[in-house]
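Chemist: missing the sequence, but the structure's below:
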Ligand code: MN
């Protein structure tokens, strides 16, 4: 193959790859499909959505962001200094969502690899608009609605990885780790500022606090997060848990609550 021919071939394969997503193997196009021909996914993935109260639409979830150590007493119990630390974020995979319909007790599988499986009850903010560098004063305009959620955590794996200065993804970002109730639009319930948040296990209160005790408000979380990532509609933010996180075992029933939202219940199985 002379140089001119080779250059022409590269040009052809590059344009095929760009227009039709044709796989290139060893520098050669695997197909000679005409430029512009339709391509389709090899298979389809289920859309991850959460029901919206009072609507026939569902809320498509794009990304799950979570803020860490956002209540003073919880920050202290996790070994942090709540007065010095800026907010930090992690993500869960979108398909970690487990929808919990109010008025039902949904089976929640005890995950593999852990012997210390913890609950964290949290307010979840669901974004209806996206942006970068969102100012705090405008940030609540980006919230479409709110839900009650659980940031379920394999605490032993999270701690173990943290102690080794490794990413603690395995402790936080596993299958079913993001139970969530339906989304309540701001247009019907307004914003949630001061409200009781609690969690019970088998009827005994374990966590009990008020959303007003967050170190970083939802508006501040959105603003900070938008400096690190471009936010989009469909992004949801787990806004942190109050103190007294703790373990559950198979058979335990978790009930959780935020004033103004229906309670959620899961049974660990
Ligand atoms: Mn959390």
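Modeler: Everything's here; your move. Given the structure is predicted, the values throughout are model-derived calculations rather than measurements. Numbers count the residues shown, from 1 in each chain.
Chemist: nearest spatial neighbour of residue 167, skipping sequence neighbours?
Modeler: Distances taken as Cβ to Cβ, 6 or more residues apart in numbering place residue 161 nearest to residue 167, at 6.5 Å, with adjacent residues excluded. C-betas here are computed from N, CA, C, even on glycine.
Chemist: how close does that neighbour sit to the ion?
Modeler: 16 Å (Cβ to the ion, to the nearest Å).
Chemist: Tell me the secondary structure at that residue.
Modeler: Of the three states, residue 161 takes helix under DSSP: H, G, I helix; E, B strand; the rest coil.
Chemist: Quickly note the distance from it to residue 86.
Modeler: From residue 161 across to residue 86, the span is 21 Å (Cβ to Cβ, to the nearest Å).
Chemist: ends of stretch 115-131, how far apart?
Modeler: Stretch 115-131 stretches 40 Å from its first residue to its last (Cα to Cα, to the nearest Å).
Chemist: make that stretch 230-243, sorry
Modeler: Using Cα to Cα, the end-to-end distance of stretch 230-243 comes to 30 Å.
Chemist: contacting residues around stretch 218-237?
Modeler: Contacts to stretch 218-237, defined as Cβ atoms under 8 Å, 6 or more residues apart in numbering, come from residues 50, 59-67, 70, 86-87, 89, 123-137, 139-140, 142-144, 147, 180, 191, 216, 239.
Chemist: Tell me how many other residues surround the residue lying closest to residue 61 once chain neighbours are set aside.
Modeler: With Cβ to Cβ, 6+ apart as the criterion, residue 61 has its nearest non-adjacent residue at 4.7 Å, and that residue is residue 48. When neighbours are defined as other Cβ atoms under 10 Å, residue 48 has 19 of them.
Chemist: who's in contact with residue 125?
Modeler: Counted by Cβ under 8 Å, 6+ apart, residue 125 has contacts 143, 146, 218, 221-222, 236-237, 239.
Chemist: Okay, and the beta partners of it?
Modeler: For residue 125, the beta-bridge partners are residue 146, residue 237 (DSSP bridges).
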